[in-house]
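Chemist: Prediction below, plus the sequence it came from.
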Amino acid sequence: MTTPQALQGMSDIFSPEVEIWQTLESRAREVLARYDFREVRTPILEEVGVYLHSLGDTSEIVTKQMYAFETRGGKQVCMRPEGTAGVMRHLAGRGQEAQDARLYYLGPMFRAERPQAGRRRQFHQLGVEGMGPASPEQDAEIIAMQAALFEAWELGPVSFQLNTRGAPEDFPRILDGLRNELLPHQDSLCGDCQRRLDNNVLRVLDCKVPGCKEIVQSLPPITTWMAPESIAYFDRVRAALDALKVPYEVNPLLVRGLDYYQHTIWEVTSTALGAQDALSGGGRYRMAMGKTELDGVGFGIGMERVLLALSEDTKTAFAKDAKDLVMLVAQNDEARGANFVLAADLRAAGFRVRMDLTGKSMKAQMKAAGRQNARWVILRGENELAQNTATVRDMSVGEQSEVPLGQVKDVLK
RNA sequence: GUGGGUGUAGCUCAGUUGGUUAGAGCGCCAGUUUGUGGCACUGGAGGCCGCGGGUUCAAAUCCCGUCACUCACCCCA
């Protein structure tokens, strides 16, 4: 095939699906505004340094999945693989302003992975960052906001999985503790997990291999190695969520991918999805951006996955055009010329209007109107031009009437 | 990065053990209706059988490579 096609894992989003995206986006903006979140639009291209330390030097995103290259000026840059680091880069230079910023972003992210169900190389995230020092109430507020968002999206049943990673001071104890518990079982673990023992112990917790699962079940809970304050923090998050009646489930085995998380972490899963069943992941974090340390809590939602999780009925409703289509049909060239002007008038009055521009037969024009789901057809020929009228046909019922040109807008209502 | 499945008309797919001009349904165009969609009937257009090599008298069919789609692993939203 010689005609160009989109790159692997990157797809065009077009009608009728793009209307669903637009509905999701506008509803999201409404909900986020109620919590006083403002949009931030950061560049897609960033210096690689923005991601290196913030995401963790060993994370697979940084080591293997970035679309990175060198500019002609010799700068190492990459397409953003996630949203939080760019927002932190934005905030790091803004002093006080950053302390209590509430920002959201909406746009494409890029990771060079193998595509599969719910995973694309260019995918789209809606992300939210609520800044401020660790506060269980704020964590709960953000989770509640997300629940409100999913409600506005009319998403079917989803499950909020909640866990804590503890404080940074807890991390070494947790990793050592887990490793020590797992070492006696080393030979029974799957190959991946034996490797994880060295570079990513936490990931053993959510391994899908049955043998590993069994071993993991016998492990003491991760809170075993946490300071009492960390556990108390988590308890307060849960109390706050209970107060707001936000349903959630504590999942002690929940692990988040990026290094910057601490304390509260969560994931939202849906059974409507395939193997990649997480619609969203979030958590509290502390991120170092140059000399600045930024505290916040946020989440990212995979928009493609949200679309996968929507029911067919909801998608149909969301894809529906707001306005009925009006199609202008002309019998001859003279009528077409007149319609050209009428189309402009009607559009100025707010109607969604289209007309034939190619000089097809009336029959063909009517067919096209049917195909494009026009609600109204306005038909003009010799008679209408002579009498300064128009025939207005309601395609949904197949009835029509001839009305003076000045009354057309009233009939369309 | 690893593994499985799939690439034939705009779409969904047939295509027998390699064998003449590669088929169907839907869609599209036209006519039946020289001012009118949906239904029906009739006719028509449209394929380098993903791409490149190879085997063969002969390849959509067999072999190799490659690109893409798809599902799963890894990883993650």
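Modeler: Perfect, thanks for sending it.
Chemist: what about the residue nearest to A:Trp376 when sequence neighbours are not counted, distance to RNA strand B?
Modeler: In space, and not counting its chain neighbours, A:Trp376 is closest to A:Val326: 4.5 Å by C-beta to C-beta, 6 or more residues apart in numbering. Every residue, glycine included, has its C-beta placed from N, CA and C. Per C-beta to the nearest atom of the strand, to the nearest Å, A:Val326 is found 13 Å from RNA strand B.
Chemist: Next secondary structure after the helix or strand hosting A:Val326?
Modeler: Taking DSSP states H and E as the definition, one finds A:Val326 inside strand A:325-330. Using DSSP H and E, the helix or strand that follows strand A:325-330 towards the C-terminus is helix A:333-348.
Chemist: Contacts for that following helix, please.
Modeler: Outside helix A:333-348, the residues that touch it by C-beta atoms under 8 Å, 6 or more residues apart in numbering are A:326, A:328-330, A:353-356, A:359, A:378, A:380-382, A:384-385, A:390, A:405, A:408-409, A:412.
Chemist: Next SSE downstream of it?
Modeler: strand A:352-355.
Chemist: Give me the sheet partners of that next one and which way each runs.
Modeler: If you go by DSSP bridges, strand A:352-355 pairs up with strand A:325-330 (parallel).
Chemist: Quick check: mean pLDDT of the partner strand?
Modeler: Mean per-residue pLDDT for strand A:325-330: 96.
Chemist: how much does it deviate in direction from helix A:333-348?
Modeler: Following axes from the mean of the first three to the mean of the last three C-alpha atoms, to 10 degrees, one obtains 160 degrees for the angle between strand A:325-330 and helix A:333-348.
Chemist: ok, now which ones touch A:Met362?
Modeler: Taking C-beta under 8 Å, 6+ apart as the contact definition, A:Met362 lies against A:329-331, A:379, A:381.
Chemist: Which ones among those residues also lie next to RNA strand B?
Modeler: Restricting these to those within reach of RNA strand B (C-beta under 7 Å from any atom of the strand) leaves A:331, A:379, A:381.
Chemist: Distance from the chain centre to the strand holding A:Val326, please.
Modeler: The chain centroid and the centroid of strand A:325-330 are separated by 37 Å, computed with C-alpha atoms, centre = their mean, to the nearest Å.
Chemist: try stretch A:277-297
Modeler: Centroid separation between stretch A:277-297 and its chain, computed with C-alpha atoms, centre = their mean, is 17 Å.
Chemist: Compute the first-to-last residue distance for it.
Modeler: End-to-end distance for stretch A:277-297: 22 Å, by C-alpha to C-alpha, to the nearest Å.
Chemist: swap in stretch A:105-125?
Modeler: Stretch A:105-125: ends 8 Å apart by C-alpha to C-alpha.
Chemist: Is that stretch positioned near RNA strand B?
Modeler: Yes. Interface with RNA strand B: stretch A:105-125 contributes A:111, A:113-120, A:123, A:125 (C-beta under 7 Å from any atom of the strand).
Chemist: Pull out the buried positions in that stretch.
Modeler: Neighbour-count burial for stretch A:105-125, counted by 16 or more other C-beta atoms under 10 Å, picks out A:105-107, A:109-111, A:113, A:118-125.
Chemist: Name the residues that touch that stretch?
Modeler: With contact meaning C-beta under 8 Å, 6+ apart, stretch A:105-125 is reached by A:7-11, A:25, A:28, A:39-42, A:44, A:61, A:64-67, A:79-83, A:86-87, A:126-127, A:273-277, A:300-305, A:308.
Chemist: Just the closest of the contacts of A:Met362 to RNA strand B, please.
Modeler: Taking C-beta to the nearest atom of the strand as the measure, RNA strand B lies nearest A:Gly381 of those, at 3.1 Å.
Chemist: ok, now which ones touch the nearest residue to the closest one once chain neighbours are set aside?
Modeler: What sits nearest to A:Gly381 in space, not counting adjacent residues and going by C-beta to C-beta, 6+ apart, is A:Gln331, at 3.0 Å. A:Gln331 makes contacts with A:362, A:379-382, as judged by C-beta under 8 Å, 6+ apart.
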